[in-house]
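> let's see this in three dimensions:
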Amino acid sequence: MADQELDLRGLRCPIPVMRTKKKLQTMSSGQTLHVLASDPGSIPDFKAYVKNSGDTLLESNKTPEGDFEFLLKRV
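Below is the predicted model:
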């Protein structure tokens, strides 16, 4: 179970990553954020984001409904 959740389905890149970054900045180190997105472009966007931010991408999956979910950890 994540500490917080963010539903970004229906938004196109780069909005999901931008809102995720903003949310993670309000969180404490070690907390986790579960993100739901519908844009396939979010997959490479989140991978690039964690390389530059230092935050950790713990999981990346496609849901049975066809959405994408990410579990990130704030450093």
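> which residues touch the one helix or strand residue 34 maps to?
Residue 34 belongs to strand 32-37 when assigned by DSSP states H and E. For strand 32-37, the external contacting residues (C-beta atoms under 8 Å, 6 or more residues apart in numbering) are 2-9, 11, 16, 20, 23-24, 27, 46, 58, 63, 67-74. Quick note: C-beta positions are derived from backbone N, CA and C, even for glycine.
> avg pLDDT for that strand?
For strand 32-37, mean pLDDT is 98.
> what's the next secondary structure element after it?
Counting by DSSP H and E, the next helix or strand C-terminal to strand 32-37 is helix 42-53.
> what residues of that next one count as buried?
42, 45-46, 49-50, 53 (16 or more other C-beta atoms under 10 Å).
> now those in a markdown table, with distance to residue 31?
Shown next, in a markdown table, are the buried residues of helix 42-53 (distance: C-beta to C-beta, whole Å):
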| residue | distance to residue 31 |
| --- | --- |
| 42 | 20 |
| 45 | 21 |
| 46 | 17 |
| 49 | 16 |
| 50 | 15 |
| 53 | 14 |
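> mind picking the two most distant members of the residues you listed?
Across the buried residues of helix 42-53, the longest distance by C-beta to C-beta is 14.9 Å; it joins 42 and 53.
> and the residue nearest to residue 5 when sequence neighbours are not counted, how many neighbours?
Excluding the flanking residues, the one nearest residue 5 by C-beta to C-beta, 6 or more residues apart in numbering is residue 34, at 4.6 Å. Neighbour count for residue 34, taken as other C-beta atoms under 10 Å: 17.
> what pairs with residue 34 across the strands?
residue 5, residue 71 (DSSP bridges).
> quick check: angle from the strand holding residue 34 to helix 42-53?
Strand 32-37 runs at 150 degrees relative to helix 42-53, counting by axes from the mean of the first three to the mean of the last three C-alpha atoms, to 10 degrees.
> now strand 32-37, how far from the chain's geometric center?
On the basis of C-alpha atoms, centre = their mean, to the nearest Å, strand 32-37 sits 5 Å off its chain's mean C-alpha point.
> perfect, I'm done here.
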